[in-house]
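**Student:** Need a 3D model of the sequence below.
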Amino acid sequence: MSEENIQLIAKKIVESGKGILAADESTNTIKKRFDSINVDSNEETRSFYRDTLFSTPDISKYISGVILFEETFFQKNSSNESLKEKLENINCYPGIKIDQGLETINKDSIETYTKGIESLDDRLKPYSKNGAKFTKWRAVINIGKNMPSKACVEKNSSLLAEYALISQNNKLVPIVEPEVIMDGEHGIDECYDITVKTLTQVFSSLEEKNVDLKGMLLKPNMIVPGNQSSEKLDIKKIAKQTLKCLIKTVPKEVPGVVFLSGGLSSVDATTILNEINKLNSAPWNLSFSYGRALQEDALKAWAGKNENKNRVQDIFLHRAKMNSLACHGKWNASLENE
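**Tutor:** Numbers count the residues shown, from 1 in each chain. Below you'll find the model as predicted:
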C-alpha cells in the first residue's frame, strides 16, 4: 500500500456522514460494561456481543471503520467466521488500538504517559499483514491543580508523533487521540485553554517528525466543562468553543476530525456534533469515533440475552444514523423517537 493509499483511506474513513465505532475496549473495560448489565464477561459473550454489532444490516451506511481490541482482531464467532473479515466484507475498515495503556510519569503524580512505543514497530507487523488499515493511540491529559504540567503535555505529544510516524511507515493510518479528560471541577474556558495548548504541542511534534498530515486523523475531546463543574452543558457554547479551538490549532491538511464522546451521554454526544457541524466553516470533515455513546443503549437492550439480537441491532443502527445526520448538521431531537 502506497503513501497515497494511506491518504485515500484517511479521507474515506471520514467521507460524508460516516464515522468510526470504537469497539476497542480492553478486557477490563468491557468487563465493567458487562457488569453494569449483570453479564459475565468471557470470550464467548464478548464475541457474541461484538458480532451482533458488526453484523447489523446497513451499518456500513453510517460506519466506515471499527477500532478493534487485540482479542477481537483475530477472534471468530460461533460460526467460525472472522469478525475482522465480516467488517471487510461490508467495506468497513478494520483498525487496531495499539497503545498499551497508561503509566504514571512519576510516583508523586497522577499524570500519565502512554506505554508501548518501544515494541510498537514489531507489534504492528501482524496487524498490517492481516488487513488492518488504521491504528489508534490514546494519550490522557488531566486538568487540575498544577495540571497538566508542561512535561506531561510534551512527553505525550512526542509519543503520539512517534506512534504516528511508525504507523505510517507500516502503511497504516494513525488516529491521534490526545484526550483532555472531563474529570474535574474545571469550567469550559479552562478546558478550551488546555486543549489549545495540547493540540498546539501535538501538531508541533507531528511536524517535527515529518508525519504526513494528509494520512492521519485527529481524535480530540470536545470543549466541555468538567464533570464536577457547577457549569451546565451549554450546547451552543460547547460547539462554538470546540470549532474555535480546532481552527486555531489543526492544520488544514488533516483530512478529518473524529470526536471522542468522553463522558457525554449518547444524545448529548450527537447533539453537540450536530451543533458543531451546523456552524462548520472548517476545512476538515467533522465526524465521530464513539464507543459508549454508540453502544450504551444497545448494550442495555441486549442484557446478555441472545434472543434480543434484532432489537440490539435496531438500536445500534438508529444511534449510528443519528450521528451520521449530525455530521451534516441535519439531526434534530424529534428524530430520536422514530
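
**Student:** When you work out contacts or count neighbours from here on, use the C-alpha atoms and nothing else.
**Tutor:** OK.

**Student:** what's the burial count for A269?
**Tutor:** Close neighbours of A269, defined as other Cα atoms under 10 Å, add up to 23.

**Student:** Verify the stated contact: it with A293.
**Tutor:** Yes. Between A269 and A293 there is a contact at 6.7 Å, judged by Cα atoms under 8 Å.

**Student:** hey, what's in contact with both of these two?
**Tutor:** Shared contacts of A269 and A293, defined by Cα atoms under 8 Å, 6 or more residues apart in numbering, comprise S261.

**Student:** Just the CA coordinates for stretch 258-276, please, in PDB.
**Tutor:** C-alpha atoms of stretch 258-276 as PDB (Å, rounded to 0.1, in the frame of the first residue of the first chain):
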ATOM      1  CA  VAL A 258     -13.300  12.300  14.700                       C
ATOM      2  CA  PHE A 259     -14.500  13.400  18.100                       C
ATOM      3  CA  LEU A 260     -14.400  11.200  21.100                       C
ATOM      4  CA  SER A 261     -17.500  11.200  23.300                       C
ATOM      5  CA  GLY A 262     -15.700  11.100  26.700                       C
ATOM      6  CA  GLY A 263     -18.200  11.000  29.500                       C
ATOM      7  CA  LEU A 264     -21.100  12.500  27.400                       C
ATOM      8  CA  SER A 265     -24.400  10.700  27.100                       C
ATOM      9  CA  SER A 266     -25.400   9.200  23.800                       C
ATOM     10  CA  VAL A 267     -27.800  12.000  22.900                       C
ATOM     11  CA  ASP A 268     -25.500  14.800  24.200                       C
ATOM     12  CA  ALA A 269     -22.700  13.500  22.000                       C
ATOM     13  CA  THR A 270     -25.000  13.500  19.000                       C
ATOM     14  CA  THR A 271     -26.500  17.000  19.800                       C
ATOM     15  CA  ILE A 272     -23.100  18.600  20.200                       C
ATOM     16  CA  LEU A 273     -21.700  17.000  17.000                       C
ATOM     17  CA  ASN A 274     -24.700  18.300  15.100                       C
ATOM     18  CA  GLU A 275     -24.300  21.800  16.500                       C
ATOM     19  CA  ILE A 276     -20.700  21.900  15.600                       C
END
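
**Student:** Would you mark the buried spots in it?
**Tutor:** Within stretch 258-276, the residues scored as buried using 16 or more other Cα atoms under 10 Å are 258-262, 264, 266-267, 269-276.

**Student:** of all these, which comes closest to G144?
**Tutor:** Proximity of the buried residues of stretch 258-276 to G144 (Cα to Cα) peaks at G262, which lies at 17.1 Å.

**Student:** List the residues that contact the closest one.
**Tutor:** Residues near G262 by Cα under 8 Å, 6+ apart: 181-182, 221.

**Student:** Need the contact partners of stretch 269-277.
**Tutor:** Residues outside stretch 269-277 that contact it (Cα under 8 Å, 6+ apart) are 235-236, 238-240, 242-243, 261, 286-288, 293, 322-323, 325-332.

**Student:** scratch that, stretch 226-237 is what I was asking about
**Tutor:** Residues from elsewhere that reach stretch 226-237, judged by Cα under 8 Å, 6+ apart: 182-188, 191, 224-225, 263, 271-272, 275.

**Student:** let's see 6 Å
**Tutor:** Stretch 226-237 is contacted from outside by 182-186, 272, using Cα atoms under 6 Å, 6 or more residues apart in numbering.

**Student:** And these, which of them are buried?
**Tutor:** 182-183, 185-186, 272.

**Student:** State the distance from P255 to S204.
**Tutor:** Distance, P255 to S204, by Cα to Cα, to the nearest Å: 17 Å.

**Student:** neighbour-wise, which of the two wins?
**Tutor:** Higher neighbour count among P255 and S204: P255, with 24 against 17, using other Cα under 10 Å.

**Student:** tell me the contacts of the more buried one?
**Tutor:** Contact partners of P255, counting by Cα under 6 Å, 6+ apart, are 11, 214, 284.
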